[in-house]
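Student: Structure for the following, please:
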Amino acid sequence: MKYFKDKSGAVFAYETDADRENFGPDGLVEMTESEIGAHLNPPVVQEIPAKVSRFQARRALKDAGVFDTVEAAIAQADEFTQDAWADAQEFRRDSALILSLGESLGLDLDALFIAAAKIEA
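Tutor: Below you'll find the predicted structure:
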């Protein structure tokens, strides 16, 4: 199989040169091995969960070695933040509290939420 692309990046594949000549549009350029590899094996895009359970969040923080740091920051935070940490049944990736905490502690929230979503009790 030979792979070609046109000026817009659309990919065409043909078994033979005759097939390409008979059925392919004009102006096709043969793709390099790396282009073919990238086309046939696109990178897996990891979806970032919108929310995780309390257990998942806490376990992911422990697994990442930052649980004690987060607990210390929460202990110094306002009453609302302390209540949310103590009582929330789930944590949302887009919440202002999570975003603020992540930024202030330099946490990779995307990685933490992805890891947390994989944890099952």
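
Student: ok, and what's touching the helix or strand harbouring A73?
Tutor: Assigned by DSSP states H and E, A73 belongs to helix 67-75. The contact list for helix 67-75, computed with Cβ atoms under 8 Å, 6 or more residues apart in numbering, reads R58, L61, T81, Q82, W85, L101, S104, L105, L107. C-beta: built from backbone N, CA, C; applies to glycine.

Student: mind giving me JSON lines with the residues you listed and columns for pLDDT and neighbour count?
Tutor: Below are the contacts of helix 67-75 laid out as JSON lines (pLDDT from 0 to 100; neighbours: other Cβ atoms under 10 Å):
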{"residue": "R58", "pLDDT": "97", "neighbour count": "18"}
{"residue": "L61", "pLDDT": "98", "neighbour count": "19"}
{"residue": "T81", "pLDDT": "94", "neighbour count": "16"}
{"residue": "Q82", "pLDDT": "96", "neighbour count": "13"}
{"residue": "W85", "pLDDT": "94", "neighbour count": "20"}
{"residue": "L101", "pLDDT": "93", "neighbour count": "20"}
{"residue": "S104", "pLDDT": "95", "neighbour count": "10"}
{"residue": "L105", "pLDDT": "96", "neighbour count": "13"}
{"residue": "L107", "pLDDT": "97", "neighbour count": "17"}
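
Student: can you redo those as a markdown table with secondary structure?
Tutor: Below are the contacts of helix 67-75 laid out as a markdown table (DSSP: H, G, I helix; E, B strand; the rest coil):
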| residue | secondary structure |
| --- | --- |
| R58 | helix |
| L61 | helix |
| T81 | helix |
| Q82 | helix |
| W85 | helix |
| L101 | helix |
| S104 | helix |
| L105 | helix |
| L107 | coil |
